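[1] dropping the sequence and predicted coords here.
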Amino acid sequence: MANAVKVKNLQVSYYGQEAVQNVSFEIETGKLVGIIGPNGAGKSTLLKALLGLIPIDKGQVNILGKEIQDIRKKIAYVPQRNNIDWDFPISVLETVLLGTYPNMGVFRKPKRMEKELSYECLKKVGMESFKDRQIGELSGGQQQRVFLARAMAQQTDILFLDEPFVGIDVSSEETIIQILKELRNEGKTVLLVHHDLSKSNEYFDELILLNKELIGCGPVSEVLKPGVIAKAYGGHLSFLREMVVVSP
């Protein structure tokens with residue numbers, strides 16, 4: 001398989017402090033990958049660096065064989081909910097419709113095809129009956145479903161999601177992970193920042209375990225072991241033992 005993401009010697013700093021240190025890994029296409037690690041480990045920083053949303057100190061990032069500036073329109077991104085202005089006067093359908101803009105020519109306006117695609121994406125996440133609602137009127141889980149629909153409307157081969165399950169209901173989480181698995185089964189690559197180790201076995205094909213530096217990267221069964229997890233979580237391992245795969 002070709003590489004969807006290839007990172008080499010990546011280093012990122014915030015205000016002079018290293019947040020990501022010399023990280024290298026490769027992710028094949030068609031994988032559902034969780035980025036995990038303790039609080040302050042640099043998970044969201046890593047994701048934003050991959051997307052070119054923050055500057056990097058050094059290193060190389062290739063997405064689908066290209067540098068980020070050459071492929072940005074081919075990448076779908078769902079940010080953390082607290083980074084979104086939910087008071088903006090835009091409807092649910094209009095929000096999803098924004099996902100079609102990268103694939104339209106300059107000065108083109110969405111037409112029937114784009115509107116039908118956006119509606120179909122809303123149906124896939126179970127939000128079509130809310131199409132005329134203002135986005136801020138929805139619950140957290142409903143908002144996250146809508147932004148996933150927007151990402152789907154972009155029709156890309158790779159999706160990045162930053163903490164998509166924080167502050168949402170169980171039903172929405174189950175809906176979203178099922179959709180992400182379906183996208184994976186279609187050959188798309190999905191990377192998402194996640195914090196709940198107990199669901200990693202159920203949710204992901206592979207894991208990137210981070211604590212500023214790369215602790216582990218690979219199949220869940222290889223990364224989610226006490227010996228590996230201890231390197232990232234240190235003295236907090238005792239309460240995690242029941243969540244991870246016990247080494248044979």
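    Perfect, I can see it now.

[2] only alpha carbons, please: show the longest helix seen in the chain as PDB.
    Using DSSP state H, we find that the single longest helix of the chain is helix 170-185. Presented in PDB, the C-alpha positions along helix 170-185 are these (Å, rounded to 0.1, in the frame of the first residue of the first chain):
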ATOM      1  CA  VAL A 170     -22.900   8.300  23.300                       C
ATOM      2  CA  SER A 171     -25.300   7.900  20.400                       C
ATOM      3  CA  SER A 172     -23.400  10.500  18.300                       C
ATOM      4  CA  GLU A 173     -20.100   9.000  19.200                       C
ATOM      5  CA  GLU A 174     -21.300   5.600  18.000                       C
ATOM      6  CA  THR A 175     -22.700   7.100  14.800                       C
ATOM      7  CA  ILE A 176     -19.500   9.000  14.000                       C
ATOM      8  CA  ILE A 177     -17.100   6.000  14.600                       C
ATOM      9  CA  GLN A 178     -19.400   3.800  12.500                       C
ATOM     10  CA  ILE A 179     -19.300   6.300   9.600                       C
ATOM     11  CA  LEU A 180     -15.500   6.600  10.000                       C
ATOM     12  CA  LYS A 181     -15.200   2.800   9.700                       C
ATOM     13  CA  GLU A 182     -17.300   2.900   6.600                       C
ATOM     14  CA  LEU A 183     -15.100   5.600   5.100                       C
ATOM     15  CA  ARG A 184     -12.000   3.400   6.000                       C
ATOM     16  CA  ASN A 185     -13.700   0.400   4.300                       C
END
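
[3] show me what that helix is packed against.
    Applying 3 or more Cβ pairs under 8 Å, 6 or more residues apart in numbering; DSSP states H and E, one finds that helix 170-185 contacts strand 32-36, helix 140-153, strand 158-162, strand 189-193. Backbone N, C-alpha and C define where each C-beta goes, glycine included.

[4] give me the angle between the helix or strand of the chain with the lowest mean pLDDT and strand 32-36.
    Using mean pLDDT, DSSP states H and E, the weakest-scoring helix or strand in the chain turns out to be helix 226-233, at a mean of 88. Here helix 226-233 runs at an angle of 50 degrees relative to strand 32-36 (axes from the mean of the first three to the mean of the last three Cα atoms, to 10 degrees).

[5] and helix 226-233, which residues are buried?
    Across helix 226-233, burial judged by 16 or more other Cβ atoms under 10 Å covers Pro226, Val228, Ile229, Ala230, Ala232, Tyr233.
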